[in-house]
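A.B. asks: please find the sequence and the predicted model below.
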Amino acid sequence: MKADQNHKPLILRLSSKIVLALLSSVLLILSFPNFDQGWLAWVALVPLILAGYSQRPLIAFALGLLCGLGAIFSICFWMFAIPGFRLFLAVFLASYLAMYPALWCLALTWLKRGSKSSIILGSALWVALDYLRAHAGFLAVSWTTLAQSQHDNIAGLQLAAFTGEYGVTFIIVMANIAIAEAFLEKRWKHLKVVAFFIALTHILGFIIIQQNNKGEKLRVAVVQPSILHEEIKTPQGRLNALDRLERLTISSTSFKPEIVVWPETAVRDPKRDVKLYARLKTLARTINTPILTGASEHMKFTNSGENRDATVKLNQFQYNSAYFISPKGSDMAAPYRKQILVPFGEYSPMASFLNWPSWLAPQVFNVLPGEGYKYFVLDQGRRVSPVICWESLFSDYVRLMVKEDTDLLVQLTNDNWFGRTAAPRQHNAASVLRAVENQTPIVIASNTGPSQIIDVFGRVVAELPNLFTNGVVSAEVNLRYKETFYTRYGDVFAFICLAILSIFALTKILFRKNIAELFVNPFRIANIPK
């Protein structure tokens, strides 16, 4: 009986910690589309921090893992809409992504509570893990970062023009830690300082978006055809889809666009299909406007070492490309070909020496990556660069594309695979960050929606919001007119966060002192014992 009484408080304490971790999951879920309550991200981590406070490292790790699993499964529930995607694959993916908040909680247990730098170190730690998640080889994915939850917070997003999305994430985590420490340590001074900094960031952002953009104006029209999977499987279905694209494109002339954009894989093999290319060229001449379209290209390759007398085995490969159809001239411009491919969806990672089991990669398209950035030139020398689907998630990749003197980014997307879920809206949220980081407008041409036109400050100026509807959306946007700090220098802020953490770790190891003491009084370095 006494043993039961002794265990009861422990069970209650663990239960309360689990409830707090799951509460953070719920708040994170509500922060992203479709709920899209981004303001909750500013407090979403508070329950998790309270749950892990003064806990042993493994318990803190487990709480972070639980929070991450709950959030990822719900935010990315669209996984189950993908054909062939099974529960164990979802568990594998969710477990991997949940490792990042789990590692953050684990590392927080090593930071000195209540120190003047714990807020900075905890925020820098989250940024470092986000950077790792975006650069983890074929496991890299920057889907639904904390910064992307703020896609409607236009004033707060302007910080990204200097720091990239990592700076926005930093201040969100900083707010969460400050609130949690105010509860735990009753230290309101830190919270007031953080609140002042966040308010200042928003005020400066508001001032920035009030400025007149000096860039040239360009009117763009986006065609959203809503081509279904069943249509592209037959020649007649592809012909019907092309008729719809043509009809919508002709109707777009009422907006007097200077470029018309079609979505990812809208057509098939324009380079090899002479009749298709002729039809596209005739359409561009009819409307007297260039057309930028996504296209799937099917290629056949043989092993050059094959014996001529042996049976030659043809391997079918694809490119995911963007073609520019000009109403002038007759030559076909070289296409842009997607470089960052979806692992286990478009290709098998490390396939040359790893034979992945079919249960992990049941259906993989043999898509080949392209080489080099590409831009297409409009009248008056204005440059348009295509980004295809998955590539928009990677800020450093898009930054280098913009650095090639691009005036307008065009994102070609086909989120048909995700059905009527939150995935397309979550995907578009990342593009808002890309626009702000480089102060470059982005046109999202989505097959099944939502198609959007985003200005240099991340504002959606026009859209077709409903999924699986066809139509045309058009708007006039100011083109990029200056280079932002982020475009020029890249992820400097993330590197600073990594440097802070490295100095902290080295100090702990070499001097067995908290780096906070050095920040508070650097002259005490000489007194630190070896």
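C.D. replies: Sure thing, it's come through.
A.B. asks: can you pull out the strands in the stretch 51-200 of the chain?
C.D. replies: With strands called from DSSP state E, counting those that start in this stretch, the stretch 51-200 of the chain shows none.
A.B. asks: just the chain next, same as before
C.D. replies: 217-224, 259-261, 267-268, 291-301, 315-325, 336-337, 376-377, 383-388, 408-413, 442-446, 451-454, 460-464, 471-478 (DSSP state E).
A.B. asks: and the ones you listed: which comes nearest residue 13?
C.D. replies: Residue 13 lies closest to strand 460-464 among those, at 45.9 Å (C-beta to C-beta). Backbone N, C-alpha and C define where each C-beta goes, glycine included.
A.B. asks: who touches the closest one?
C.D. replies: Under the contact criterion C-beta atoms under 8 Å, 6 or more residues apart in numbering, strand 460-464 has outside partners 222, 224, 432, 449-455, 471-475, 477.
A.B. asks: can you rerun that using 6 Å?
C.D. replies: Where contact means C-beta atoms under 6 Å, 6 or more residues apart in numbering, the residues beyond strand 460-464 that reach it are 224, 449-455, 471, 473, 475.
A.B. asks: one more: stretch 288-302?
C.D. replies: Residues contacting stretch 288-302 (C-beta under 6 Å, 6+ apart): 257, 259-270, 284, 312, 314-315, 317-319, 321-327, 410, 412.
A.B. asks: mind listing what's buried in it?
C.D. replies: Of all the residues in stretch 288-302, those buried under the rule 16 or more other C-beta atoms under 10 Å are 289-297.
A.B. asks: quick one: which of the residues you listed is nearest to residue 32?
C.D. replies: For the buried residues of stretch 288-302, the nearest to residue 32 is residue 294 (26.2 Å; C-beta to C-beta).
A.B. asks: low-scoring pLDDT stretches of the chain, where are they?
C.D. replies: 1-8, 10, 112-117, 300-316, 359-365, 512-530 (pLDDT under 70).
A.B. asks: what two of the contacts of strand 460-464 are the furthest from one another?
C.D. replies: Greatest spacing in these, by C-beta to C-beta: 455 and 471 (20.5 Å).
A.B. asks: which one of these two is surrounded by more residues?
C.D. replies: residue 455 (23 against 16; other C-beta atoms under 10 Å).
A.B. asks: if I read this right, the more buried one contacts residue 442, doesn't it?
C.D. replies: No: under the criterion of C-beta atoms under 6 Å, residue 455 is not in contact with residue 442, lying 8.7 Å apart.
A.B. asks: distance check, residue 285 against residue 500.
C.D. replies: Going from residue 285 to residue 500 by C-beta to C-beta, to the nearest Å gives 58 Å.
A.B. asks: give me the more crowded residue out of those two.
C.D. replies: Each of residue 285 and residue 500 has its neighbours counted (other C-beta under 10 Å); residue 500 has more, 20 against 13.
A.B. asks: for residue 96, see how far away the closest residue to the more buried one other than its chain neighbours is.
C.D. replies: Once flanking residues are discounted, residue 500 sits nearest to residue 124: 4.9 Å by C-beta to C-beta, 6 or more residues apart in numbering. As judged by C-beta to C-beta, residue 124 and residue 96 stand 23 Å apart.
A.B. asks: same thing with residue 477?
C.D. replies: On the measure of C-beta to C-beta, residue 477 and residue 96 end up 37 Å apart.
A.B. asks: more neighbours: those two, which one.
C.D. replies: Under the criterion of other C-beta under 10 Å, the comparison of residue 477 against residue 96 puts residue 477 first, with 26 against 15.
A.B. asks: pretty sure the more buried one sits against residue 441.
C.D. replies: Yes: between residue 477 and residue 441 there is a contact at 4.2 Å, judged by C-beta under 6 Å.
A.B. asks: joint contacts of the two?
C.D. replies: In contact with both residue 477 and residue 441: residue 455, using C-beta under 6 Å, 6+ apart.
A.B. asks: buried stuff in stretch 130-150?
C.D. replies: Buried-residue list, stretch 130-150, by 16+ other C-beta under 10 Å: 130-131, 133-134, 141-150.
A.B. asks: among the residues you listed, which pair sits farthest apart?
C.D. replies: 141 and 150 (18.9 Å).
A.B. asks: residue 185: neighbour count?
C.D. replies: 13.
A.B. asks: need the longest helix for the protein.
C.D. replies: helix 2-31 (DSSP state H).
A.B. asks: how far off centre is that one?
C.D. replies: 32 Å (C-alpha atoms, centre = their mean, to the nearest Å).
A.B. asks: out of the strands of the chain, nearest to residue 16?
C.D. replies: strand 460-464 (41.2 Å).
A.B. asks: which residue ranges form the helices in the stretch 51-200 of the chain?
C.D. replies: Using DSSP state H, counting those that start in this stretch, the helices of the stretch 51-200 of the chain run over 57-75, 87-108, 118-134, 154-157, 160-163, 165-185, 188-210.
A.B. asks: residue nearest the middle of the protein, spatially speaking?
C.D. replies: Nearest residue to the geometric centre of the chain (C-alpha atoms, centre = their mean): residue 393, 2.9 Å.
A.B. asks: since that was my last question, I'll sign off now.
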